[in-house]
Each structure stands twice: as C-alpha cells, then as structure tokens.
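**Q** Here is a sequence together with a model predicted from it:
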Amino acid sequence: MDEKQDLTNLEQERLRKLEGLKDLGIDPYPYKFERSHFISELQKKYVDLANEERTEDMVTVAGRVVNQRNDWMFVDLVDDTGKIQLFSDAKTRPENLQELFKLLDKGDHIGVVGKIRRTPRGALTIDMETVTVLSKTLKPLPEIVEGKRRRLGIADVETRYRQRYLDLIVNEKSKDNLYKKAILMREIRNFLDDQDFVEIETPILNTEAGGAAARPFTTHHNTLGLDLNLRIATELHLKRLAVGGFERVYEIGRIFRNEGISIKHNPEFTSIEVYWAYTDVYDMMNLTEALVRYVAEKVTGSQQVNYQGTDIDFSKPFRRVSMQEIVREHTGKELVGRELNDAFEQHCEEKLIQPTIVYDYPIEISPLAKKHREKEGFVERFELFIYGRETANAFSELTDPQDQRERFEAQAKERAGGDDEAHVFDEDFVNALEYGLPPTSGMGLGIDRLAMFLTDSASIRDVIAFPTMKPL
RNA sequence: GCGUCUGUAGCUCAGCCCGGUAGAGCACUCGGCUUUUAACCGAUUGGUCCUAGGUUCAAAUCCUAGCAGACGCACCA
C-alpha cells in the first residue's frame, strides 16, 4: 500500500506545505530562536497602551499559531505564558510573507519580529515584519465543533488521557492542573524542609512489598533470577531510616498498587510519608493540619476552595473526633473492632466533607500502629477526611519489636486464611526495631487526591500527566 | 468482576425503531472579499458506517460473538 493513502487529506496537504518550505530553502525544524519577551510580559508592559496607539518598540516573540483570520491578516500566537495577536495586511505585505503564509497552518510554531500597537478594538498586536518557521506541524490540532462554532478542544476524554500532549495544547485547565500539582509538591517540600526534615529515596523494587494492605505488582530481575515486587508504601524503609538516626525524614514517591482503576484510583500514584522522631500522633495531627492549610493557600491563593460545587474550608481548625464518637453520632451504636470500622466506612466516611481528623482506630486493622496508651483494643492512629475521602493516615508508630512481631504473625494468619491483602511479615524490619526505634509519629498522604481538591478535578486522571490506560 | 449507554468523513453529529448504492455543519483546497475575534460568500474534495460471522435478492440499519470507551456499583488510597 502506498503510505500516502493512509494519510488524511489534511495530512497530505501539510506534507505538501512542508516540501514547499524546503523548496524555499527554509529549515522547517531549526535549532534555536532568541526571544525578547514572553507574551505575558508584553501584555503586562503595554497594559496602558490606548486603543489605536502605535509604538516604535520592536519585539521578538515565539509560540504556536492557534488561530488565523482573513488570510493570515490576524493571527493568535500562544506561548507558555499567554496569547497575543499578530497582524499582517494581505494587500500590502511583502511577497516573501505572502508566500510563507501559504505554507503555514494553524498549529505551527513561529517566531515573529515586529512593532507593538493596540488595534481600534483593543487587542494588543504585533505588526509582523519577519516570520521564522520554528516547527512545522504535520497534523491538525483537535477542535470541538458545536453547530457552526468551533474551538480548540477535545471532545473525547479518552484522547485527552492517551494523547496528553494534545490535551495540554488545547485545554488550559489541563495544563493548569499539572502546573498546580507541581506547585503542590514543591510547597510540601518547602514546608517540611523549613522544619529541617530531609527527603531520602527508598527502593521501589523489593522482594516483599510491605507497609500497607494492598496487592503488589510483580516483576523480575534477570541476573539475580529473582522475582521482585514494586512497593505499595514507603513506610517500612523510612522507619528503618528513623532507626538509623534520621529524626525527621520523608519521601515523596510513586506507589504501585495492583487494584482497580476508578475516578479516585490509579495503579501508580504519588504519596508522601513523613516520620518524626520523639513525637506522637497528636503532634502529627498538628503538623498535618498545618501542612494541608499551608499548601492550600500556596496552590490556590486561598484557604477556602470550591470542590465540585462544595466549599471546603481549610482555614478553620479541623474537627477532631474519635471513631467511636462519630459512629455513635451517625448510628447511635457503641461498637469496637472491625464492626466499628465497618460502621464508620458505611455510615460516616462520606459525610465528612469539611477537613476532619478521625482518631483512635481498632487495633485489628492497624498492624503498624502503637497500642493506645489508655483505650484497650485501640491504637493511636488518625486519618484525615476531606469531601468524604481518606486523604491522610497517621500513627504513633509501633516501636516495640515484640509487639510488632505478634502483629505480623496475626497478619500472616489472615493471609493464610485467604486475605491476599494482609500485611507481609518483614523479618528484617522487626530486626531493625530490635535495634531501637525511638518514639516516632508517622503520616502518609495521597498527593494526587489533595491535588484533585486544590484543582477542582473530578478525576484522579486529571492530575496525573499520563494516567494508566489499556493499550489500544 | 456486574449493570447501563456509546462507536458513521479530519472534528461534532444525523440516518438505525420500519433493510433498498452514505448525509449535514465545521476543517482542508480553490476562487471572491478584506481591520478580524466562530470573519464572511461560492465551489470542490473527503467514508473499511469499530471488527468478525450470520439472516436476506439486498445490511450503517436485523441477529450472534468480539474489541474499545464513558458512567454507575463492588474492591482499593
């Protein structure tokens, strides 16, 4: 088959234009281009320029052509910072520009030199004097057509995730989500680093995946002839670091769990775990609350955010309530153990819209947390709920190696009984505890979920650049 | 894993109930017009109707199986 027949007319047309550029001696994929300004800098600098006012200021910008009107008389150019209009009168433009525009398409990257003015209708505009092709596009940008209206966009959400580069070109919100997630991660680090925490990387490949109740992904090391598991938490290694003397340690990292995919779940996601020696779960409550409040402000500019139509207020002290109390409040029942947790998940969780710290968890479901200093059958643990979703999980860490061994043994029995999500016995971790972990509190937080709240994203896929997809 | 819905031109969709040689708008190309913001006017081009099989003289349309996706439920952070 002739390869050309597989291409759409639109693509063949662009290939023809590419050849046309080469025929003119133009390199459609040059190496470098020096700009005098980012577009947003120009918009800011000339904000007071009046309508119809012209300047003699020569500027150089570069970006992607996102729209063109009247035979390239008006062009909208976008760079990483903003959008500006370009102008060239079809009647009076020089021959070389006339020829060049015939070979350009919407979507192409160009560099432009020209003088700044403001049109009678108020658009800041550069009168194009020279135009440099910076990258010729061979495929048209996706557009959404609504009746006779059309605009850049992608109607099919699958395409947005599979071809994120297109999504980023045409959807400002998608780019903003990822930008804000980057700010979120930066500010978490700033917050902790300011308090002398250090970030240390721990292994992703492990013989056993411990530290959480989840099924792992498995892989294989060839030269060792060894099956390995991808980590499901960073917990056990970070606590080993605490044993080794890192009193304030954390890791932001990718976690892999072999579970279902949903609007709230991606097989790989980003967590932060923090371990803080010589403190207990109540100190960690304060740290977590302060951290969440701080990043909300830094990412959104406010401590009050709107998520999917609901106002969430991070500015007020978070409600703190024991699991038994909240279950009593919603069911009138006095429960303990798994029944308590089941009732909590069934009747209470989804009602915790405003940030709420729920503490005192049953010991059965918390094999890495220290026994409650007063309440029999409970551990010193809390979870932070926002919009009914578990967002953070923390305990006074279990430091007693003999107790830890017994807890692992109880988990091993459940695993033997068919629960393939029960914790794995980690002998070396118990060994580490036998060398002495000081009193320590620890906390884990789902960064993607927090990013969802701070970007008003309905799906976790909207805050992960390349979410897991089935191959086509 | 279960349920509901969807798959037709580059894009957005109509046609399917009731079988009869594939339609619209936009995009692209060409021509006209020219200070626009969805520019406008005219013409042309463009299709493996998701895939495979079946029924039929005849299938986008009816039947069966499959593939892909969205949403909801279950598991999970």
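**A** Arrived safely, thanks for sending.

**Q** Now tell me what touches stretch A:111-126 from outside.
**A** A:33, A:35, A:42-43, A:46, A:49-62, A:77, A:84-87, A:127-132, A:134 (C-beta atoms under 8 Å, 6 or more residues apart in numbering). C-beta here means a position set from N, CA and C on the backbone, and glycine is covered the same way.

**Q** typo on my end, stretch A:375-385
**A** So stretch A:375-385 is in contact with A:280-281, A:284-285, A:288-289, A:292, A:318, A:320, A:336-337, A:349, A:352, A:355-363, A:366, A:369-373, A:390-396, A:398, A:445, going by C-beta under 8 Å, 6+ apart.

**Q** need the next SSE after the helix or strand harbouring A:Leu15, C-terminal direction.
**A** In the assignment (DSSP states H and E), A:Leu15 maps to helix A:9-23. Along the chain past helix A:9-23, the next helix or strand (assigned with DSSP H and E) turns out to be helix A:39-45.

**Q** Just the local confidence number for the closest residue to A:Pro30 other than its chain neighbours, please.
**A** Counting by C-beta to C-beta, 6 or more residues apart in numbering, A:Pro30 lies nearest to A:Leu134, which is 6.3 Å off, once chain neighbours are set aside. On pLDDT, A:Leu134 comes in at 95.

**Q** next one: A:Arg93
**A** For A:Arg93, the predicted pLDDT is 89.

**Q** would it count as being in a helix?
**A** No. Read with DSSP: H, G, I helix; E, B strand; the rest coil, A:Arg93 is coil and lies in no helix.

**Q** Buried ones in stretch A:240-250, by neighbour count?
**A** Of the residues in stretch A:240-250, A:240-243, A:246-250 count as buried by neighbour count, 16 or more other C-beta atoms under 10 Å.

**Q** Let's have these in TSV, adding secondary structure.
**A** TSV is the format used below for those (three-state DSSP):
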residue	secondary structure
A:Arg240	helix
A:Leu241	helix
A:Ala242	helix
A:Val243	helix
A:Phe246	coil
A:Glu247	coil
A:Arg248	strand
A:Val249	strand
A:Tyr250	strand
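
**Q** Pick the one among these closest to A:Pro28.
**A** A:Tyr250 (47.0 Å; C-beta to C-beta).

**Q** you'd agree the closest one is up against A:Glu235?
**A** No. With contact defined as C-beta atoms under 8 Å, A:Tyr250 does not count as touching A:Glu235 (11.5 Å).

**Q** Quickly list what's touching both of those two.
**A** A:Glu273.

**Q** and the stretch 301-450 of chain A, which of its residues are near RNA strand B?
**A** A:389-390, A:393, A:421, A:446, A:448-449 (C-beta under 7 Å from any atom of the strand).

**Q** Now A:Lys181. Nearest residue, chain neighbours left out?
**A** Nearest one to A:Lys181, counting by C-beta to C-beta, 6+ apart, is A:Ala451 at 4.4 Å.

**Q** quick one: secondary structure of the closest residue in space to A:Glu34 that isn't next to it in sequence?
**A** Among residues not flanking A:Glu34 along the chain, A:Thr60 sits closest, at 6.8 Å (C-beta to C-beta, 6+ apart). Of the three states, A:Thr60 takes strand under three-state DSSP.

**Q** dump the residue contacts of A:Thr60.
**A** Per C-beta under 8 Å, 6+ apart, neighbours of A:Thr60: A:34-37, A:111-113.

**Q** Of these, just say which sits nearest to RNA strand B.
**A** A:Val112 (15.6 Å; C-beta to the nearest atom of the strand).

**Q** pLDDT (mean, whole number) over the helix or strand encompassing that closest one?
**A** Per DSSP H and E: A:Val112 is located in strand A:109-118. Average pLDDT, strand A:109-118: 95.

**Q** returning to what we had before: kindly give a single ChimeraX line that selects the buried subset of the contacts of stretch A:375-385.
**A** Buried residues within the contacts of stretch A:375-385, by 16+ other C-beta under 10 Å, are selected in ChimeraX with:
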select /A:280,281,284,285,288,289,292,318,336,349,352,355,356,357,358,359,360,361,362,363,366,369,370,371,372,390,391,392,393,394,395,396,398,445
